[in-house]
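S.K.: coordinates only, no sequence provided:
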């Protein structure tokens, strides 16, 4: 009877709760996430995985939202995503997740583009193509607020990031909201005008590596290996020497551009090349305020799950305190591993 009870208990435990030696990480193309592909292709991830006696497979997924859905379903142990998508997809889906690495925030890399019009107010009455309910949708809402418009003044057309450039190239599509490198490609087309971007809401669209909280707790070696690999890559790519140029060139080419194009994207990204800067940003009280705004937008758009009574339904834990329900924390900003990197203790 005791054995049966034990087997039942073990069956009910999620596989992620157990210590393992093999893991999978998903990433998708974006200026701030290209380092993961580079680190995997150039042996940096393997070097750190070997140091801790584990295996880490880094997998590129072409559809960003699909990568997060797969992480939420348990196909991956960690995945790159924004702060908003971390809240509205895995956290809202009941998957307790931790922002292991705060890599950067968008400082112009996300933008609203109009065809043939030069000011945001002209978006009224138009169909706007974007990845619905993503940070693009959030950026649009923040932009509309700034010019006294509402979403009811336009029509949102849900469009996959994989289809965005092709859609914009058609005559019928006159307004899009997207991120780099897609944004740069669209802006290079005739009569295209960026009328609002994330530099106007600095620090609100944050790019993360999110990891299953149970997996991290059971496998701290995974946290150390991923963090070590990340900051080794940061040190390399931020250099002005030949190695740094070669790394940025490779990342640019992998994202469909060249060194100049990639460096232009980096210029509109606040990269936290040093762990201490990422820690300071994470420890700031402003992060909690940002997550409050993100949660309120998400609740207004029905993104916190059926039955969510208010914007604070899902607790978000930050070093400066918890926003929302402390009994239902599903998204955590924990700078512990980044602090280890800053202190040279990985």
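M.R.: Here it is on my side, so go on. What you see is a predicted model, and the numbers here were worked out from it, not measured in a lab.
S.K.: OK, contacts around residue 58?
M.R.: Residue 58 makes contact with 25, 27, 36-37, 39-40, 45, according to CB atoms under 8 Å, 6 or more residues apart in numbering. Where C-beta positions appear, they are placed from N, C-alpha and C, glycine not excepted.
S.K.: scan these and report the most crowded one.
M.R.: Highest neighbour count within those: residue 36, with 29 neighbours (other CB atoms under 10 Å).
S.K.: for it, give me its contacts.
M.R.: Taking CB under 8 Å, 6+ apart as the test, what residue 36 contacts is 25, 27, 45, 58, 80, 209, 230.
S.K.: measure it to residue 129 for me?
M.R.: Per CB to CB, to the nearest Å, residue 36 is found 27 Å from residue 129.
S.K.: residue 23 in helix, strand or coil?
M.R.: Classification of residue 23 by DSSP: H, G, I helix; E, B strand; the rest coil places it in strand.
S.K.: what's the burial count for it?
M.R.: Per other CB under 10 Å, the neighbour tally for residue 23 reads 23.
S.K.: what about it, distance to residue 98?
M.R.: To residue 98, residue 23 is 14 Å away according to CB to CB.
S.K.: quick one, helices of the stretch 201-346 of the chain?
M.R.: Applying DSSP state H, counting those that start in this stretch to the stretch 201-346 of the chain gives helices spanning 213-218, 220-237, 242-254, 259-267, 275-283, 285-300, 336-342.
S.K.: in the first one, what counts as buried?
M.R.: Going back to what we said before, that points to helix 213-218. Of all the residues in helix 213-218, those buried under the rule 16 or more other CB atoms under 10 Å are 213-216, 218.
S.K.: for that helix, packing partners?
M.R.: Taking 3 or more CB pairs under 8 Å, 6 or more residues apart in numbering; DSSP states H and E as contact, the helices and strands that helix 213-218 lies on are strand 97-106, helix 220-237.
S.K.: ok, residues contacting it?
M.R.: Counting contacts by CB under 8 Å, 6+ apart, the residues outside helix 213-218 that touch it are 14, 16-20, 23, 77-78, 96-98, 100, 222-223, 332.
S.K.: the last one now?
M.R.: Defining contact as CB under 8 Å, 6+ apart, one finds that helix 336-342 is touched by 100-102, 223-224, 226-228, 230-231, 274-276, 278-279, 282, 346.
S.K.: now residue 136: which helix or strand?
M.R.: Using DSSP states H and E, residue 136 sits within helix 135-146.
S.K.: for that helix, the distance to its chain's centre please.
M.R.: How far helix 135-146 lies from its chain's middle: 17 Å, per CA atoms, centre = their mean, to the nearest Å.
S.K.: and the angle for it with helix 285-300?
M.R.: Per axes from the mean of the first three to the mean of the last three CA atoms, to 10 degrees, the angle that helix 135-146 makes with helix 285-300 is 90 degrees.
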